[in-house]
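S.K.: structure, please.
(chains A and B)
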Amino acid sequence: GQSLEQPSEVTAVEGAIVQINCTYQTSGFYGLSWYQQHDGGAPTFLSYNALDGLEETGRFSSFLSRSDSYGYLLLQELQMKDSASYFCAVRDLINTDKLIFGTGTRLQVFP
Amino acid sequence: DTAVSQTPKYLVTQMGNDKSIKCEQNLGHDTMYWYKQDSKKFLKIMFSYNNKELIINETVPNRFSPKSPDKAHLNLHINSLELGDSAVYFCASSHRTEASYEQYFGPGTRLTVT
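M.R.: Numbering: from 1, shown residues only, chains lettered A, B, ... in the order given. Below you'll find the predicted structure:
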C-alpha cells in the first residue's frame, strides 16, 4: 500500500520555529515535495527533495532521509501569513508518474 | 498573468445533472492533471494528460470524462452528478511528467451537488 502520514494540526506563535513531519510508505519513491495551501486557495509548490539532506529556501527548509522514509518541513521566523495547510507529496513511478499527497497538516500561527 | 485558470470557480447543481469544468494553462507545460479535494482536504489525483494523451486514470467512476483538445487545455465533464461528487476540483500542470514533483495548480472549482 501507499501512505503518507503527517500530524493533523500544529500551532505556534509568531517568530517561532515549527517542524512538520512526514513519514511515507510507498511502492516507489523518487522524491518528496511540499505544498502550501491557504484556506480557500490552491496548493502552491514549496520545495522538493530528491536526495538526503536539507534544502533551504528562505525561511523554509525541507529535509529528507530516504533510509528512514521520513522528511520534514521547517518553517522559521513564523509569520501570521504562514497559517495554512501543508502537504507532503511523493512521486510514485512504479506504474505512472504521479504525486501522492499526504493527509495535510494545518498550521495555526498565533500573535 | 494567470498561469493556470479554471472555470467556473463555483458550481451548484442538482443530482442527475451533467456539468463541465474547463482548465487552461499558459505556462507551456506538457502535462496537466485533475485532482479532487474532499471536505477533509484530502487531495487525490483523478487524471493526467501528457501532450493530449491520457497517462493517469485513477479509479474514478466513468461518469467522469476528461478531454484534452490541446496540451494547454484539459476539461472535465461529469455526467449524472451525485451528492458524493461535491468537492473542490483542481486542475494542475507541470513542465513534463518527470517534473511532476512541481505542479502549478489552478484556483479550484467548488462543486456543490444538492
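S.K.: residues from chain A in reach of chain B?
M.R.: Selection of chain A residues close to chain B by C-beta under 8 Å from any C-beta of the partner chain yields A:30-31, A:33, A:37, A:41-45, A:48, A:50, A:85, A:87, A:89, A:91, A:96-101, A:103-104. Every C-beta, even on glycine, is put in place using the N, C-alpha and C of the backbone.
S.K.: I'd say residue A:101 and residue A:4 touch.
M.R.: Yes: between residue A:101 and residue A:4 there is a contact at 7.0 Å, judged by C-beta atoms under 8 Å.
S.K.: what touches both of those two?
M.R.: A:88-89 (C-beta atoms under 8 Å, 6 or more residues apart in numbering or on different chains).
S.K.: beyond the lowest-mean-pLDDT helix or strand in chain B, next helix or strand please.
M.R.: Each helix and strand of chain B was given a mean pLDDT (mean pLDDT, DSSP states H and E); the minimum falls on strand B:53-57 at a mean of 87. Using DSSP states H and E, the next helix or strand after strand B:53-57 towards the C-terminus is strand B:64-70.
S.K.: helices or strands up against that following strand?
M.R.: strand B:43-50, strand B:53-57, strand B:73-78 (3 or more C-beta pairs under 8 Å, 6 or more residues apart in numbering or on different chains; DSSP states H and E).
S.K.: okay if I get the ones you listed as CSV plus mean neighbour count and distance to residue A:57?
M.R.: Formatted as CSV, the helices and strands packed on strand B:64-70 follow (neighbours: other C-beta atoms under 10 Å in any protein chain shown; distance: least, C-beta to C-beta, whole Å):
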stretch, mean neighbour count, distance to residue A:57
strand B:43-50, 22, 22
strand B:53-57, 15, 28
strand B:73-78, 20, 29
